[in-house]
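S.K.: Make a model of this:
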Amino acid sequence: MPRILKIKCAKCGTHLYTYIKVGEGRLWHCWKKRIIQDNTTKKENEIKCPKCGNLIGLDKGPYINIKQKSITITK
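M.R.: Sure, this is the predicted structure:
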């Protein structure tokens with residue numbers, strides 16, 4: 001059953017994504033088509049926090065590869 005997650009920067013707490021998670025387990029990457037709200041900044045293929053500049057992940061085409069320990073997740 002899909003669930004909606006709020007993804008925040010682990011460094012400063014800024015809201016980055018509202019994301020629809022499908023399936024069990026950890027969040028290793030975010031599929032772009034499941035992102036409801038995107039508040040990140042992008043420079044080339046790097047996804048960063050708009051407030052503190054923390055590296056969140058890398059753009060890999062159809063998904064964003066999340067850097068572990070750079071985010072916190074709330075339901």
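
S.K.: all contacts plus neighbour counts: C-alpha atoms, from now on.
M.R.: Will do.

S.K.: what sits against the residue lying closest to Y19 once chain neighbours are set aside?
M.R.: In space, and not counting its chain neighbours, Y19 is closest to I35: 4.6 Å by C-alpha to C-alpha, 6 or more residues apart in numbering. Shown in contact with I35 (C-alpha atoms under 8 Å, 6 or more residues apart in numbering): Y17, T18, Y19, I20.

S.K.: The third one belongs to a strand?
M.R.: Yes - secondary structure assignment places Y19 in a strand (DSSP: H, G, I helix; E, B strand; the rest coil).

S.K.: That one and P62: what is the separation?
M.R.: According to C-alpha to C-alpha, to the nearest Å, Y19 stands 14 Å off from P62.

S.K.: Those two - which one has more neighbours?
M.R.: Y19 (22 against 10; other C-alpha atoms under 10 Å).

S.K.: Now do the same contact list for that one.
M.R.: Shown in contact with Y19 (C-alpha under 8 Å, 6+ apart): I4, L5, K6, I7, C30, R34, I35, I36, Q37.

S.K.: partners of it in the sheet?
M.R.: Under DSSP bridges, the beta-bridge partners of Y19 are L5, I35.

S.K.: so how far is T41 from it?
M.R.: Going from Y19 to T41 by C-alpha to C-alpha gives 16 Å.

S.K.: just Y17 next, same as before
M.R.: Taken as C-alpha to C-alpha, the span from Y17 to T41 is 11 Å.

S.K.: do V22 as well
M.R.: From V22 across to T41, the span is 25 Å (C-alpha to C-alpha).
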